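S.K.: Sequence below, structure please.
(chains A, B, C and D)
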Protein chains: 2
Amino acid sequence: MSNKNINIKDVAVAAGVSVTTVSHVLNEVSYARISPKTRDKVRTVAEELGYGPNRLAQALRTQRTGMLGLVSEDIATTPHAGRIILGADEAAKARGYNLIVINTSGSASLESRQADIAALLDRRVDGILYATMYHRNVELPANLGSVPSVLVDSVATGGNITAVIPDEEGGARAAVEALLAAGHRRIGFLNNTDDVPATRQRLSAFRATLNEAGLDGDAAPVESEPSEVQGGYEAARRMLSRKDRADMPTALFCYNDRMAMGAYRAAAELGLSIPDDLSIVGFDDQELIAANLYPALTTVALPHYEMGAWAAEHLIDAVEGKTDLSLMALHPTILGCPLVVRDSITAPRQ
Amino acid sequence: MSNKNINIKDVAVAAGVSVTTVSHVLNEVSYARISPKTRDKVRTVAEELGYGPNRLAQALRTQRTGMLGLVSEDIATTPHAGRIILGADEAAKARGYNLIVINTSGSASLESRQADIAALLDRRVDGILYATMYHRNVELPANLGSVPSVLVDSVATGGNITAVIPDEEGGARAAVEALLAAGHRRIGFLNNTDDVPATRQRLSAFRATLNEAGLDGDAAPVESEPSEVQGGYEAARRMLSRKDRADMPTALFCYNDRMAMGAYRAAAELGLSIPDDLSIVGFDDQELIAANLYPALTTVALPHYEMGAWAAEHLIDAVEGKTDLSLMALHPTILGCPLVVRDSITAPRQ
DNA sequence: GTTCTTGTTGCTCATCTGTCTCCCACGTCC
DNA sequence: GGACGTGGGAGACAGATGAGCAACAAGAAC
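M.R.: Presented below is the predicted three-dimensional model:
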């Protein structure tokens, strides 16, 4: 398809019919009565000429562009953004849509983000996906509301916009349960210091899961540091340098893979071998880290691909009138965070 | 700007002038003679109404969409893709263009990649950026030629399409020179086994740089493995387990940061401390790894952001007739790979 | 057996989407 | 009657869409 410079009129002339007929045939207009012979002729000619409709003209007339705007915060900083884009792109492509991707920074002014949305609206996108790079409450540009939109990986401060987010609690639960299942009873948590939902939810799930296993979740050791490698290192040093040996955790649940990476180093320095002396679970499944640490890190995957695909899918449904987004806007949709088993968990010694 | 549903006619009516006049004023058409009063009036009204031109109609009329297609191979696999997109997006945005991003897989069939290009052409993008995720020769879809295009991070097998690639040799040279400058004389190279240009070019630059320093580059030790962490580990084990201690390298140049990560582990196992016993330089500057290893890895950065920006910039120049891409197509443009100094290099012992 | 009505089938015409741009019109002042 | 200053009209871009027009057949009325 799509030899530029061939338009519907060329096809009409070559097939010896009117433009209208070509349009009717190619769009399979239901009420159009056209003989099978003519239909064949039109289709054959269109094919031969390599005709593809000019989507601009089409969009102008039908008031539908088949384009979705994807504004993504900090696209380059994390590999997560790529997975969201990939999921959205594949879902969109499967339904004949394309993505206009615009990068914005999480620290960008509201005006600049508003300008990005405006650019998308000027292009008459059918809907907008607004993706943030970590699950938190965001303040949305006001003009976002003028077109169907879905939030990816965050919820809006004002509420009432459809959103998909990861199941932080479920993921944390899965991580802790994996440690419990391996036989661990003294489990520590290296938490983040940022005030984001994930921090609170992973912590509460951590405690709750321990409580449900008959342990004292509220007494379980937690050390908080910034969620980087260095923070993980320091939190782990503190936690693993406890006075009483019998008190020391045999397993660590880390807020993310980067902190887990720091914990690996702390363990190495303290002469603790992973997983024999210390089991570790991470969170995020940043493959570059998780798969490449030694031993490879068992961790919880964030469903970025799935969130991107879910968002695109439902946005398109809304655009096509198959769904009412406002109904879904009441509560964010929560997608599971599966455990990715590698080699960093085993039974505790003895 | 861009309150949907407000069109130029609304502005014309509200301002009490014709559509033509509004168009003339807003586009600052040079030959249009319109009184300052009228101009003010039109602009004020347009502002008040929140008018923004419908880019679709504009594009249909002017035969220019202000959109660039970016087809990116394996967008989600590496963070590099994000940097290319970011560079391209920022350069494009600065000139009023937007990007339609389409993902494709490096292993996708030529037809499927051709279909992606076709979708872009149907949307009448002004030009196409074709980004691959590692610098190699690619076979391009034939329909790419029908619109100005630029290859990012690779060169075409057929040649004669403008391309930007990283300066592999310069980067390797910088890495080796950093080791030489620190005083190292016995330097090993952990190379990749893939048959890509980078493999050959980094190797030849490695040898050449040593030769120029008065050393015997051709005798310098090289171990090749797949360019992953595990490969780096194995190559480093072999290289660092040489019979003769006096023969052992005091510094390692690694094909990429992942291999360097493997080398770190090998060094740790062999009781070699980095950088005191062994200096290491990587390549790629994958921040997640390079900045987070301990000690932080000195490495060579690939100019992905810069390549994306360069490509968008020159593509737009070509679209706007300011540049003739075919002139640049003769030789790929080469962008520098700067050394990123961290903590993994120091002077050799004694 | 002819003419008229009615119904189908097959396809086309006119109009619309929103914007740009070439060309023309009108008035005024020398 | 030009020159100048101001502004408007009518396509054109490429396609979508619904009303409507021929052509023909079958049945009805005479």
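S.K.: Okay, buried residues for the least confident helix or strand in chain A by mean pLDDT please.
M.R.: Across the helices and strands of chain A, mean pLDDT, DSSP states H and E gives its lowest value to strand A:127-138, namely a mean of 83. Judged by neighbour count using 16 or more other Cβ atoms under 10 Å in any protein chain shown, the buried positions of strand A:127-138 are A:127, A:128, A:129, A:130, A:131, A:132, A:133, A:134, A:135, A:136, A:138. The way it works is simple: take the backbone N, C-alpha and C, and place the C-beta from them, glycine included.
S.K.: what's that strand packed up against?
M.R.: Contacts defined by 3 or more Cβ pairs under 8 Å, 6 or more residues apart in numbering or on different chains; DSSP states H and E place strand A:127-138 against strand A:67-73, helix A:79-94, strand A:149-156, helix A:197-212, helix A:304-319.
S.K.: got the contact list for the residue in the stretch 151-300 of chain A that DNA strand C sits nearest to?
M.R.: Closest approach between the stretch 151-300 of chain A and DNA strand C, counting by Cβ to the nearest atom of the strand: residue A:161, at 25.8 Å. Each residue near residue A:161 by Cβ atoms under 8 Å, 6 or more residues apart in numbering or on different chains is listed here: A:140, A:144, A:145, A:149, A:150, A:151, A:329.
S.K.: If we use 10 Å, what do you get?
M.R.: Residue A:161 sits next to A:130, A:138, A:140, A:144-145, A:148-151, A:155, A:325-326, A:328-329, A:332 when contact means Cβ atoms under 10 Å, 6 or more residues apart in numbering or on different chains.
S.K.: same deal with residue A:134?
M.R.: A:73-74, A:78, A:80, A:106, A:153-154, A:166, A:194, A:196-198, A:227, A:256, A:284, A:302.
S.K.: Could you give the number of residues near the closest residue to residue A:319 other than its chain neighbours?
M.R.: Nearest residue to residue A:319 in three dimensions, chain neighbours excluded: residue A:126, at 4.4 Å (Cβ to Cβ, 6 or more residues apart in numbering or on different chains). For residue A:126, the number of neighbouring residues by other Cβ atoms under 10 Å in any protein chain shown comes to 20.
S.K.: Phi and psi next, for residue A:126.
M.R.: When read as degrees, to the nearest 10, the backbone of residue A:126 gives phi -80, psi -20.
S.K.: Same question for residue A:98.
M.R.: According to degrees, to the nearest 10, residue A:98 has phi -130, psi 170.
S.K.: do the same with the one 4 residues further on
M.R.: With angles defined as degrees, to the nearest 10, residue A:102 sits at phi -130, psi 130.
S.K.: now residue A:116
M.R.: The phi/psi pair for residue A:116 (degrees, to the nearest 10) is phi -60, psi -40.
S.K.: hang on, isn't it packed against residue A:140?
M.R.: No - contact status for residue A:116 versus residue A:140: not in contact, 11.8 Å apart, counting by Cβ atoms under 10 Å.
S.K.: who touches both of these two?
M.R.: With Cβ under 10 Å, 6+ apart, residue A:116 and residue A:140 have common neighbours residue A:130.
S.K.: So those two - more neighbours on which side?
M.R.: residue A:116 (22 against 19).
S.K.: and the gap between that one and DNA strand C?
M.R.: Here residue A:116 is placed at a distance of 19 Å from DNA strand C (Cβ to the nearest atom of the strand, to the nearest Å).
S.K.: Just give the closest residue to that residue, not the sequence neighbours.
M.R.: In space, residue A:116 is closest to residue A:102, 4.8 Å off (Cβ to Cβ, 6+ apart).
S.K.: Over to residue A:176?
M.R.: The nearest residue in space to residue A:176 (Cβ to Cβ, 6+ apart) is residue A:209, at 4.2 Å.
S.K.: Got the domain ranges for chain A?
M.R.: A:1-43, A:67-165+A:305-335, A:168-302 (automatic domain parsing).
S.K.: which ones are touching the residue in chain A sticking out farthest from the centre?
M.R.: Taking Cα atoms, centre = their mean, the residue of chain A most remote from its mean C-alpha position is residue A:16, at 50.3 Å. Contacts here follow Cβ under 10 Å, 6+ apart; on that basis residue A:16 touches A:38, A:41, A:42, A:45.
S.K.: Quick check, residue A:280 in contact with residue A:298.
M.R.: Yes - here residue A:280 reaches residue A:298: they are 7.5 Å apart, a contact under Cβ under 10 Å.
S.K.: Between those two, point out the one with more neighbours.
M.R.: Remark: of residue A:280 and residue A:298, residue A:280 carries more neighbours, 28 against 25, as counted by other Cβ under 10 Å.
S.K.: Which elements pack onto the helix or strand hosting the more buried one?
M.R.: Here residue A:280 sits within strand A:279-281, counting by DSSP states H and E. Secondary-structure packing of strand A:279-281 (3 or more Cβ pairs under 10 Å, 6 or more residues apart in numbering or on different chains; DSSP states H and E): helix A:168-181, strand A:187-192, strand A:251-254, helix A:257-269, strand A:299-300.
S.K.: interface residues of the stretch 201-350 of chain A facing chain B?
M.R.: Where the stretch 201-350 of chain A comes near chain B, counting by Cβ under 10 Å from any Cβ of the partner chain, the residues are A:228-230, A:232-233, A:257-258, A:261-262, A:264-265, A:268-269, A:286-289, A:291-294, A:296, A:304-305, A:308.
S.K.: I would like a ChimeraX command selecting only the buried ones among those, please.
M.R.: In ChimeraX, this line selects whichever of those come out buried by 16+ other Cβ under 10 Å:
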select /A:228,229,230,232,233,257,258,261,262,264,265,286,287,288,289,291,292,293,294,296,304,305,308
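S.K.: and the nearest residue to residue A:257 once chain neighbours are set aside, how many residues sit next to it?
M.R.: Closest residue in space to residue A:257, ignoring its immediate chain neighbours: residue A:282 at 4.1 Å, by Cβ to Cβ, 6+ apart. The local packing of residue A:282 (other Cβ under 10 Å) involves 31 other residues.
S.K.: Fine, thanks again, bye for now.
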